[in-house]
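Chemist: Mind looking at a prediction? Sequence and model below.
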Amino acid sequence: MDLYSAARFSLHRLNLEFTSPGSIFSIYSLATSFTVGFCALSYLHWKRRGRTNFRALSRAILSQKLWLRESTLADIQLFIISVVFMPAIVTGLVISSSAVATSTHAVLDSLFGAIGPYACCSPWTKIFSTIVLFLAYEIGYWVDHYLKHRVPFLWEFHKLHHTADVLTPLTNFRNHPIDNLIFGYMLAFFIGGASGVLEWLFNQHTQSFTVDGKNILFIVFLWTIGHLQHSQFWIPFRGVWGRLILSPAHHQIHHSRDPAHYNRNLGSVLAVWDWAFGTLEIPTTKNPHLVYGADNAGAAPHSTFGILVTPMIQAAQTLRPTLENLIRSGGEAWSAFSDKTSRSRNG
Ligand SMILES: [Zn+2]
Ligand SMILES: [Zn+2]
């Protein structure tokens, strides 16, 4: 591919990301999220102080401290990598969810026989499938995120998302390519598995309500509060809602440097998995003005080297004790074998 073709391809991918209604960073979802956030914050100000300071809100959103930081510039680099290059890499390396679905369907058929069609072509089938696939995405996201916080090797890749010292909607893309690949496998497993069960149950290719191939329930989240999770807008859901849905403030707690907040609020949209597994932290009504970032982020965590190479070096270092143990055990086994061989030869 020559330089001109590469530039055209990159611009095409970026254009799609900005203008497709189902893409993560569409101008539509950004506009609606911004409107929702602005209205919610105005309401919260008015409720607390009896007035709304629009000028202070605008200043906070457009602050140069937010947009011209090294952290945000690193987010932009990862946004370009994620949008331009990752789709081809994920398509090439990650097993597709439809392949997992076909295998799951075949296994269930061989184990229990075909039972469908159960309610073929009913709109309720499509609504049911949409909800099941959304729940599969949500539990897959939680399990992936839990493992990345608990397994040192995986944490070193995921840590990049947490080294952001300021949150903007671009921080959503602050993920290492290897972190994205692992996430792709996890989703293929959970969504493909659920899809295979639905195929077996209804004896037809699974149909669900989607926008550009993305579950419509996820799109509703994205077009309302999704982008606000990575923003300066402290919008907390409390009470029952705080146990069902992860508000922007819930995810901001997830990025907090306060050790009391480590490994909390690991879900994407739903808070129910965090609630069920004891990792839920309900935000306070008052903005605690959290400090964001992660420890042991390396010398230059926002440089190109820091965002792409440092996570790989630090991940490899977590394997060192295991490798050393393996080499030591191998050496000891070899010595024992050599001793035994020489003794039997001499004897
Ligand atoms: Zn995390
Ligand atoms: Zn985040």
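Modeler: Happy to help now that I have it. Numbers count the residues shown, from 1 in each chain. Ligands and ions are numbered 1, 2, ... in the order given.

Chemist: all contacts plus neighbour counts: C-alpha atoms, from now on.
Modeler: Fine.

Chemist: what packs against the lengthiest helix in the chain?
Modeler: In the chain, assigned by DSSP state H, the helix with the most residues is helix 310-346. For helix 310-346, the elements it packs on are helix 152-162, judged by 3 or more C-alpha pairs under 8 Å, 6 or more residues apart in numbering; DSSP states H and E.

Chemist: Now the element after the helix it packs on, going C-ward?
Modeler: Using DSSP states H and E, the helix or strand that follows helix 152-162 towards the C-terminus is helix 177-202.

Chemist: I'd assumed residue 312 was in contact with residue 156.
Modeler: Yes - contact criterion C-alpha atoms under 8 Å: residue 156 and residue 312 qualify, at 7.5 Å.

Chemist: buried stuff in the longest helix of the chain?
Modeler: 310-312, 314-315, 318 (16 or more other C-alpha atoms under 10 Å).

Chemist: cool, and stretch 297-304?
Modeler: Using 16+ other C-alpha under 10 Å as the test for burial, stretch 297-304 gives 297, 301-303.

Chemist: Pipe the buried residues of helix 310-346 into a markdown table and attach pLDDT and distance to residue 270 per row.
Modeler: Output for the buried residues of helix 310-346, formatted as a markdown table (pLDDT from 0 to 100; distance: C-alpha to C-alpha, whole Å):
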| residue | pLDDT | distance to residue 270 |
| --- | --- | --- |
| 310 | 95 | 32 |
| 311 | 96 | 29 |
| 312 | 96 | 31 |
| 314 | 95 | 31 |
| 315 | 95 | 30 |
| 318 | 94 | 32 |
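
Chemist: Off-centre distance for the longest helix of the chain?
Modeler: Relative to its parent chain, helix 310-346 has a centroid offset of 37 Å by C-alpha atoms, centre = their mean, to the nearest Å.

Chemist: okay, the angle between that helix and helix 152-162?
Modeler: Calculated by axes from the mean of the first three to the mean of the last three C-alpha atoms, to 10 degrees, helix 310-346 forms an angle of 170 degrees with helix 152-162.

Chemist: Next, the angle helix 177-202 makes with helix 310-346.
Modeler: Using the same axes, to 10 degrees, the direction of helix 310-346 lies 90 degrees away from that of helix 177-202.

Chemist: coming back round to it: which one of the buried residues of stretch 297-304 is nearest to residue 75?
Modeler: residue 302 (8.4 Å; C-alpha to C-alpha).

Chemist: if I pick the closest residue to residue 157 other than its chain neighbours, what's in contact with it?
Modeler: Excluding the flanking residues, the one nearest residue 157 by C-alpha to C-alpha, 6 or more residues apart in numbering is residue 311, at 5.2 Å. For residue 311, the contact set (C-alpha atoms under 8 Å, 6 or more residues apart in numbering) comprises 156-157, 159-160, 176.

Chemist: Compare these and tell me which is most surrounded.
Modeler: residue 157 (27 neighbours; other C-alpha atoms under 10 Å).

Chemist: Hmm, residue 316 and that residue touching each other?
Modeler: No - taking C-alpha under 8 Å as the definition, residue 157 is not a contact partner of residue 316, at 10.3 Å.

Chemist: before we move on, back to that, let me have the buried residues of helix 310-346 in CSV, adding distance to residue 111 as columns.
Modeler: Below are the buried residues of helix 310-346 laid out as CSV (distance: C-alpha to C-alpha, whole Å):
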residue, distance to residue 111
310, 47
311, 43
312, 42
314, 44
315, 40
318, 41
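
Chemist: which SSE is the most centrally placed residue in the chain in?
Modeler: The structure's the chain has its C-alpha centroid closest to residue 141; by C-alpha atoms, centre = their mean the separation is 6.4 Å. Take DSSP H and E as the rule and residue 141 turns out to sit in helix 123-150.

Chemist: Ok, residue 13 next?
Modeler: Counting by DSSP H and E, residue 13 is part of helix 3-19.

Chemist: How far off centre is that helix?
Modeler: Helix 3-19 sits 24 Å away from the centroid of its parent chain (C-alpha atoms, centre = their mean).

Chemist: likewise stretch 169-184?
Modeler: Computed by C-alpha atoms, centre = their mean, the chain-centroid distance of stretch 169-184 equals 7 Å.

Chemist: Ok, stretch 35-50 next?
Modeler: In terms of C-alpha atoms, centre = their mean, the centre of stretch 35-50 is found 28 Å from the chain centre.

Chemist: cool, stretch 51-70 as well?
Modeler: Stretch 51-70 has its average C-alpha position 26 Å from the chain's average C-alpha position, going by C-alpha atoms, centre = their mean.
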